[in-house]
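*Asks:* Give the three-dimensional model of this entry:
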Amino acid sequence: MISSDPRVQTAGEKAIVLAEALPYIREFSGKTVVIKYGGHAMNDPDLADLFATDVVLMRLVGMNPVVVHGGGPQIEQLLTRLGKKGEFVQGMRVTDAETMDVVEMVLGGQVNKEVVELINQAGGKAVGLTGQDGAFIRAKKLMLSSKENGTLDIGQVGEVESIDPSVIACLEQGGFIPVVAPIGTGADGTTYNINADLVAGKLAEILKAEKLVVLTNTPGVLDKNGKLLTGLTPKKIDDLVEKGVISGGMIPKIGSALDAARNGVKSVHIIDGRVPHALLLEVLTDEGVGTLIRSK
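*Replies:* Now for the predicted structure:
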């Protein structure tokens, strides 16, 4: 006989969820999961706390989460306070020397330490890094192409040249959760502002991650009618783009995710960070909350 006591029913529902999670815990124990953290999940305090709890739980059940964070809104806020207006070209922030100082202060200082503290408060052991630490991320200047103006120089904006995985490996072996700010260093010591999605994708490739999970402000990859697409492969996405099913505005958002899937990351998840516990729902349940892209 099924009890009508709501407490028993609630406990039963929790038990079902835990039982559903068990095979995923077993499958992904010891595996690295790279998480791109940003958007509403970062800016809403309640969602930020839940995200930190999810990351700690992943570590406690044997996974190796690595967090890469953005911080565009926070950079914009400080620039505004300093009387400096942000400028973007092709979605990239124009980064002169003064703006780079702000980027380093916000990403490497304020935001990185806030994410580290959130995870520590949730019971984890997080360590903050930028690409400068241990020459971890080597970068080179990113030059943009324009039909009207040819090659564009947008300042200290970089692309990943190489990543040394040994820093992450040492932290994982010690039970720590790495939290990475997307700042790289050139061969001459110049610092570069790098798009966080690019860093997360490249890091997932270099670490041979089991998964790359990208938190966004959308339900996932949508077709031109707003319908959620999932169970995709890079080839399927190429076909959908060619047929016009995936609109042009969605293509740049999944570029680094596609590269990761093509280059050895077994699965990429583009999920709705506005959903409470989105990370655990995607990694540890049958349903998930976004788009799954498999490598093949």
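
*Asks:* drop to CA atoms for contacts and neighbour counts, all remaining ones
*Replies:* Noted.

*Asks:* Now do V67: how many residues are near it, please.
*Replies:* V67 has 22 neighbouring residues, counting by other Cα atoms under 10 Å.

*Asks:* quick check: mean pLDDT across the helix or strand hosting it?
*Replies:* Using DSSP states H and E, V67 sits in strand 64-69. Mean pLDDT, computed over strand 64-69, is 97.

*Asks:* What residues does I154 make contact with?
*Replies:* Counting by Cα atoms under 8 Å, 6 or more residues apart in numbering, I154 makes contact with 89, 93-96, 142-144.

*Asks:* likewise V56?
*Replies:* Taking Cα under 8 Å, 6+ apart, one finds 119, 122-124 in contact with V56.

*Asks:* secondary structure element for it?
*Replies:* helix 45-60.

*Asks:* mind listing what's buried in that helix?
*Replies:* 47-59 (16 or more other Cα atoms under 10 Å).

*Asks:* now do stretch 158-170
*Replies:* Result for stretch 158-170 [16+ other Cα under 10 Å]: buried residues 158-160, 162-164, 168.

*Asks:* what do you get for stretch 188-205?
*Replies:* Buried, per 16+ other Cα under 10 Å, within stretch 188-205: 191-205.

*Asks:* Run through the chain and note the low-pLDDT ranges.
*Replies:* 1-14, 147, 149, 247-253, 287 (pLDDT under 70).

*Asks:* What segments of the stretch 1-150 of the chain are helices?
*Replies:* 6-28, 40-43, 45-60, 72-81, 97-103, 112-121 (DSSP state H, counting those that start in this stretch).

*Asks:* what angle separates the last one from strand 64-69?
*Replies:* In other words, helix 112-121. Angle, helix 112-121 to strand 64-69, by axes from the mean of the first three to the mean of the last three Cα atoms, to 10 degrees: 150 degrees.

*Asks:* How far does helix 112-121 sit from its chain's centre?
*Replies:* Here the centre of helix 112-121 is set off from its chain's centre by 16 Å, with Cα atoms, centre = their mean, to the nearest Å.

*Asks:* For that helix, name the packing helices and strands.
*Replies:* helix 45-60, strand 126-130, strand 177-181 (3 or more Cα pairs under 8 Å, 6 or more residues apart in numbering; DSSP states H and E).

*Asks:* contacts for it?
*Replies:* Counting by Cα under 8 Å, 6+ apart, 48-49, 52-53, 55-56, 69, 106, 125-129, 179-181 sit against helix 112-121.

*Asks:* I'd like to know which of those is nearest to G38.
*Replies:* H69 (5.9 Å; Cα to Cα).

*Asks:* Show the contacting residues for that closest one.
*Replies:* Here H69 is in contact with 36-38, 112, 179-182, 196 (Cα under 8 Å, 6+ apart).

*Asks:* quick one: the closest residue to G123 other than its chain neighbours from I271, how far?
*Replies:* Spatial nearest neighbour of G123, chain neighbours left out: V56 (6.6 Å); criterion: Cα to Cα, 6 or more residues apart in numbering. Between V56 and I271 the computed distance is 19 Å (Cα to Cα, to the nearest Å).

*Asks:* Same question for V116.
*Replies:* From V116 to I271 the distance is 22 Å (Cα to Cα).

*Asks:* Who has more neighbours out of those two?
*Replies:* I271 (25 against 22).

*Asks:* so what's that one up against?
*Replies:* Counting by Cα under 8 Å, 6+ apart, I271 has contacts 213-216, 218-220, 278-279, 282, 289-291.

*Asks:* Please apply the same query to A97.
*Replies:* 155-156.

*Asks:* May I see the contacts of I271 organised as TSV, with neighbour count, distance to S267 and secondary structure added?
*Replies:* Output for those, formatted as TSV (neighbours: other Cα atoms under 10 Å; distance: Cα to Cα, whole Å; DSSP: H, G, I helix; E, B strand; the rest coil):
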residue	neighbour count	distance to S267	secondary structure
V213	26	9	strand
V214	27	11	strand
L215	27	14	strand
T216	21	17	strand
T218	16	19	coil
P219	20	17	coil
G220	25	14	coil
A278	21	16	helix
L279	27	14	helix
E282	20	12	helix
V289	24	14	coil
G290	27	13	strand
T291	23	10	strand
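
*Asks:* nearest to E20, of those residues?
*Replies:* E282 (12.2 Å).

*Asks:* mind listing what the closest one touches?
*Replies:* E282 neighbours (Cα under 8 Å, 6+ apart): 269, 271, 288-290.
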